[in-house]
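Visitor: coords below, sequence missing:
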């Protein structure tokens, strides 16, 4: 049935929807979301995701574009390996190319040729850089091609220590801890290199209060830097591990930080300091069916991202800014697709209708629902 | 180096070039003077160019090769120089990996010192021969635009040219990868751009710098094909340059990387003129330092 839906802050749009008049009356259209670090793990990891399941998940989650990680098989570190599919359904598939060959942090990739072949950003797929001199060179080199460099800020040596936030919760549960300093050192280093090189940097997977504070200060200083957190980290924190009985769906990397960190992330998003990503990292059931430490870290996120952020923020405009507007600015992208939102609906991640079972938010009832995309 | 000195050297070099055009390519100006070349880094063309220049002026020459000298056994630069000083040289031509090594010798010893390249700092005789080559075509360098493309950050050739050309009233535009053309170059009298396409149209001369193959595939430069795609001078790009543009290269060239073979060998290339002028400029340098007592023998 054709119906008219108001666009947030604009005119109305005609959509084809099969919903009751009551639901229809509360719908709103918003700019479709853009995932800044979608890590579908294909080709090469068929049990996790296929192109079809990825697109279905993105449409269900209101995502009009996905910036796909180069961490696929083969790694997108030469132009020949760039994804050939540019769009499927209403979803644009964008490529972040590798910053260093093999994501190894040693040799620079052919960033110019990669950009010419269609890469819209650079990233080492969340692999932290051990060699700061290489990272500095990579930023110097990337700057001249006007490509945003996505970095997961982390000290490479601390990053491999522990599986849960290094705190009282980890001690209680007897899990090896990973300190917040892992990220704090990474952020401080990234800011210093951003200032030194002038490269445009986007910090991914932020999870600590210190990171938000440092990022806020750097942005006020005028540095070309931005940052984001995963939508789930606005709702979850290390305390959820207590209830989960070592539930592997909370096995995430970087790990869930403290309640105070979570609150700082929410404040940061509300203040416009942070963008929000779905941080979609689907995992096959057999990858999660392990004791906590041995389970593969990661969680699906496309279908729950909007509702998670909206539930945590309680503000539709802030949610749309963080998931749709800021990501467009960060990668300099125009996406005209709209997402149709029911602010009073509910989302049940990884429920029977969901495609992605391994979602850290599975079992929760979240506020707000996405009805689909409109072109 | 002040403008008057550069002008004097260029003008002397132009006269010295005539010596090489004679049947007997030798004048007695520096007879009985000792010129020692002390090369701590590999060099073929600069070392032979200096030695040939000294020989054409009838100086005695002595060449120290670092691999066979006592430096390889741990002798310091100052001790090496003291030993050479004991041989009573009039001039030392030095190439060294450390910036300031020639300056150290110059202030420590009475002999003349010529810098034949010190680290990534300077290579003044190369800049002089480049300016002589430009001057052959243009006369005065004032108001000309020279594009220097490549590893400007680590090129002593680029740096000496930047200083020299600025002194002579030319405008220098540099281009190259971000790792080799950092923002800090703003401290020098240059306009910084990125790809060769951004400079090729405005230049009266395009100076291509040699890409050191050892930098390829390292964290400085991804690959030869990426370099050629964004910073290399090929025929297609040359066609977008000014018709009278000079194509220069300090050598040795990497054909197909920073410069296409058809460009290096083409009608706009003055690369081999640079080599010829190198000998003349080095003769002029030796003459100005050692031979001012008498006029150049015209015989």
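Guide: Happy to help now that I have it. All of these numbers come straight from a predicted model, not from anything done at the bench. Numbering: from 1, shown residues only, chains lettered A, B, ... in the order given.
Visitor: what does the stretch 151-300 of chain A have sitting close to chain B?
Guide: Within reach of chain B by Cβ under 8 Å from any Cβ of the partner chain, the stretch 151-300 of chain A has these residues: A:197-198. Bear in mind the C-beta positions are built from the backbone N, C-alpha and C, glycine included.
Visitor: quick one: least confident helix or strand in chain B?
Guide: Sorting the helices and strands of chain B by mean pLDDT, DSSP states H and E puts strand B:60-65 at the bottom, at a mean of 89.
Visitor: What's the first helix or strand after that strand?
Guide: helix B:77-85 (DSSP states H and E).
Visitor: Check which residues of that next one are buried.
Guide: Residues of helix B:77-85 classed as buried: B:77, B:80-81, B:84-85 (neighbour count, 16 or more other Cβ atoms under 10 Å in any protein chain shown).
Visitor: Name the residues that touch it?
Guide: B:36, B:38, B:40, B:64, B:69-71, B:92, B:96, B:98, B:101, B:104-105, B:108-109, B:111 (Cβ atoms under 8 Å, 6 or more residues apart in numbering or on different chains).
Visitor: Helices of chain B, start to end?
Guide: Remark: helices assigned in chain B by DSSP state H are B:3-20, B:45-56, B:77-85, B:101-108, B:124-138, B:156-167, B:224-231, B:235-238, B:261-264, B:271-290.
Visitor: and what of chain A?
Guide: Listed in chain order, the helices of chain A (DSSP H) span A:21-26, A:51-61, A:111-116, A:132-143, A:156-159, A:168-173, A:181-197, A:209-221, A:240-243, A:259-270, A:285-288, A:305-313, A:316-320, A:326-331.
Visitor: now the angle from the longest one to helix A:259-270?
Guide: Same thing as helix A:181-197. Per axes from the mean of the first three to the mean of the last three Cα atoms, to 10 degrees, the angle that helix A:181-197 makes with helix A:259-270 is 30 degrees.
Visitor: helices or strands up against helix A:181-197?
Guide: helix A:132-143, helix A:156-159, strand A:201-203, helix A:209-221, strand A:225-230 (3 or more Cβ pairs under 8 Å, 6 or more residues apart in numbering or on different chains; DSSP states H and E).
Visitor: and the fourth one, which residues are buried?
Guide: Going back to what we said before, that points to helix A:209-221. Under 16+ other Cβ under 10 Å, the buried positions of helix A:209-221 are A:209-212, A:214-216, A:218.
Visitor: same check, this time on stretch A:49-67
Guide: For stretch A:49-67, a neighbour-count test (16+ other Cβ under 10 Å) marks A:49, A:53-67 as buried.
Visitor: Can you give me the distance of residue A:81 to residue A:69?
Guide: Distance, residue A:81 to residue A:69, using Cβ to Cβ, to the nearest Å: 13 Å.
Visitor: Tell me which of these two has more neighbours.
Guide: Using other Cβ atoms under 10 Å in any protein chain shown as the criterion, residue A:81 and residue A:69 rank with residue A:69 on top: 26 against 17.
Visitor: OK, contacts around the residue positioned nearest the centre of chain B?
Guide: The centroid of chain B falls nearest to residue B:126 when counting by Cα atoms, centre = their mean (1.6 Å). By Cβ under 8 Å, 6+ apart, residue B:126 lies in contact with B:46, B:117, B:156-157, B:160-161, B:250, B:278.
Visitor: With respect to chain A, which of those is nearest?
Guide: Closest to chain A out of those is residue B:156 (20.3 Å), distances taken as Cβ to the nearest Cβ.
Visitor: hang on, that closest one packs against residue B:127?
Guide: No - counting by Cβ atoms under 8 Å, residue B:156 stays clear of residue B:127, with 9.1 Å between them.
Visitor: Can you tell me which of the helices of chain A is nearest to residue A:233?
Guide: With Cβ to Cβ as the measure, helix A:259-270 is the member of the helices of chain A nearest residue A:233 (5.9 Å).
Visitor: contacting residues around the closest one?
Guide: With Cβ under 8 Å, 6+ apart, helix A:259-270 has contacts from A:180, A:206-209, A:212-213, A:215-216, A:229, A:233-239, A:256, A:274-276, A:309, A:312-313, A:315, A:318, A:322.
Visitor: wait, isn't residue A:311 in contact with residue A:368?
Guide: Yes - taking Cβ under 8 Å as the definition, residue A:311 is a contact partner of residue A:368 at 6.9 Å.
Visitor: thinking again about what came up before, residue B:156 and residue B:127: which is more packed in?
Guide: residue B:127 (26 against 22).
Visitor: hang on, the more buried one packs against residue B:160?
Guide: Yes - counting by Cβ under 8 Å, residue B:160 is a contact partner of residue B:127 at 3.6 Å.
Visitor: In this structure residue A:324 contacts residue A:36, no?
Guide: No - the criterion here is Cβ under 8 Å, and residue A:324 misses it with residue A:36 at 11.1 Å.
Visitor: For those two, work out which one has more neighbours and name it.
Guide: residue A:36 (31 against 26).
Visitor: now the more buried one: how far from residue A:293?
Guide: 28 Å.
Visitor: Sketch out the low-pLDDT regions of the stretch 1-150 of chain B for me.
Guide: B:67-72 (pLDDT under 70).
Visitor: Now do the one residue in it that gets nearest to chain A: how many residues are near it, please.
Guide: Per Cβ to the nearest Cβ, residue B:149 is where the stretch 1-150 of chain B lies closest to chain A, at 13.1 Å. Per other Cβ under 10 Å, the neighbour tally for residue B:149 reads 28.
Visitor: go on, the one 3 residues further on?
Guide: As a burial measure, the neighbour count of residue B:152 was computed by other Cβ under 10 Å and equals 26.
Visitor: hang on, it packs against residue B:185?
Guide: Yes - checked against Cβ under 8 Å, the pair residue B:152 and residue B:185 is within contact range at 6.3 Å.
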